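> just need the structure, nothing else, for what follows:
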Amino acid sequence: QLQLVESGGGLVQFGGSLRLSCAASGFTLDYYAIGWFRQAPGKEREGVSCIKSSGTTTNYADSVKGRFTISRDNAKNTVYLQMNSLKPEDTAVYYCAARRGFCSAYYGHYDDWGQGTQVTVSS
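Residues are numbered from 1 along each chain as shown. You can find the predicted model right below:
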């Protein structure tokens, strides 16, 4: 059974850093693009970043460019999201999701999702 598990969320102060992990089990990530999404209370789920299966292509939302870095370690079947210079507006539940093929910023294009990890940034 295909499963994604996020970890690494928590409470951090303004300007702090966190590294989220998305570990896959039941399948190999090698052939999947992995996206990170976030959803704040009362807001729609939005794409944050995505990395292609080969790892050669990465995409970022304008709001996180220069602060967040996505990477993958296929040997560990894990994708990471390094988040630096965090702001209160980054507060949300962060999800990772998998899809075959290319990256997409639209959550409806992803087939499999993790349960989410809460990130809270205090001002």
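
> so which bits of stretch 5-21 are buried?
6, 8, 9, 12, 18, 20, 21 (16 or more other CB atoms under 10 Å). (Each C-beta comes from the backbone N, C-alpha and C, glycine too.)

> just those residues: which are in strands?
Of the buried residues of stretch 5-21, the ones assigned to strands by DSSP state E are 6, 12, 18, 20, 21.

> how close does residue 121 get to residue 47?
According to CB to CB, to the nearest Å, residue 121 and residue 47 sit 19 Å apart.

> now do the strands in this protein.
So, for the chain - with DSSP E - the strands run 3-7, 10-13, 18-25, 32-39, 46-51, 58-60, 68-73, 78-83, 92-100, 112-113, 117-122.

> which residues touch the last one?
The set of residues external to strand 117-122 that reach it, using CB atoms under 8 Å, 6 or more residues apart in numbering, is 6-14, 16, 18, 20, 38, 83, 86-94.

> roughly how far out does it sit from the chain middle?
Centre-to-centre, strand 117-122 and its host chain are 13 Å apart (CA atoms, centre = their mean, to the nearest Å).

> what pairs with that strand, parallel or antiparallel?
Paired neighbours of strand 117-122 in the sheet (DSSP bridges): strand 10-13 (parallel), strand 92-100 (antiparallel).

> using TSV, please lay out those together with distance to residue 69 and mean pLDDT.
Formatted as TSV, the strands paired with strand 117-122 follow (distance: least, CB to CB, whole Å; pLDDT from 0 to 100):
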stretch	distance to residue 69	mean pLDDT
strand 10-13	16	98
strand 92-100	14	96
